[in-house]
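Q: I'd like to go over a predicted model; first the sequence, then the structure.
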Amino acid sequence: MQSVLTGRAPAPVPHVRDREDFALRGLILCPDCDKPVTASRSTGKLGNKFGYYRCHRVKGHMNVGAGTIEAAFIELLERLVPKPERMALIKRVFAKCGTDGDRQRGLRRCHTNEN
Ligand SMILES: [Zn+2]
């Protein structure tokens with residue numbers, strides 16, 4: 001309204017990428033051409049939005065729902081987290097190496113104990 005009255009052009013609206021919706025944008029590679037796929041959104045019959053990661057290079061290449069990809073990614077992350085019992089061992093090893101006062105000597109002793 002203001003712009004009509006003053007004759008000024010409306011302030012440009014910055015282009016906001018919906019990165020929140022596509023956290024893995026740029027990280028997912030098409031399994032067929034090994035190039036990053038694009039993330040886009042489609043509107044379903046009921047007006048609900050669906051996110052997709054798809055290869056725009058070749059028809060018939062990757063076209064997977066964002067939910068599927070993200071669930072697989074979370075599964076991968078969970079596999080990378082050390083198990084609690086391993087975490088206890090890791091903490092013990094570091095604690096042992098640090099008790100000596102002389103860090104270098106302590107580390108060396110840990111290495112020799114390891115083998
Ligand atoms: Zn492809």
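A: Yep, that arrived.
Q: Looking at Asp102 now. What's its pLDDT?
A: Asp102 carries a pLDDT value of 52.
Q: cool, Glu20 as well?
A: Looking at Glu20, its pLDDT stands at 55.
Q: same deal with Lys45?
A: Lys45 carries a pLDDT value of 84.
Q: what helix or strand is it on?
A: Lys45 belongs to no helix or strand when assigned by DSSP states H and E.
Q: residues near it, how many?
A: Per other C-beta atoms under 10 Å, the neighbour tally for Lys45 reads 5. Yep, even glycine has a C-beta here, placed from its N, CA and C like the rest.
Q: how close does Asn89 get to the ion?
A: In this structure residue 89 is Leu, not Asn. As defined by C-beta to the ion, to the nearest Å, Leu89 lies at a distance of 43 Å from the ion.
Q: Okay, strands next: where are they in the protein?
A: 38-43, 49-54, 63-65 (DSSP state E).
Q: could you dump those strands to JSON lines with mean neighbour count?
A: Shown next, in JSON lines, are these (neighbours: other C-beta atoms under 10 Å):
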{"stretch": "strand 38-43", "mean neighbour count": "14"}
{"stretch": "strand 49-54", "mean neighbour count": "17"}
{"stretch": "strand 63-65", "mean neighbour count": "14"}
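Q: For those, give me TSV that also has distance to the ion.
A: Converted to TSV, those look like this (distance: least, C-beta to the ion, whole Å):
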stretch	distance to the ion
strand 38-43	10
strand 49-54	9
strand 63-65	10
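Q: Turn those strands into a markdown table, including distance to Gly7.
A: As requested, these are arranged in a markdown table below (distance: least, C-beta to C-beta, whole Å):
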| stretch | distance to Gly7 |
| --- | --- |
| strand 38-43 | 36 |
| strand 49-54 | 37 |
| strand 63-65 | 47 |
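Q: can you tell me which of those comes nearest to Pro31?
A: Minimum separation from Pro31 across the strands of the chain (C-beta to C-beta) falls at strand 63-65, 10.0 Å.
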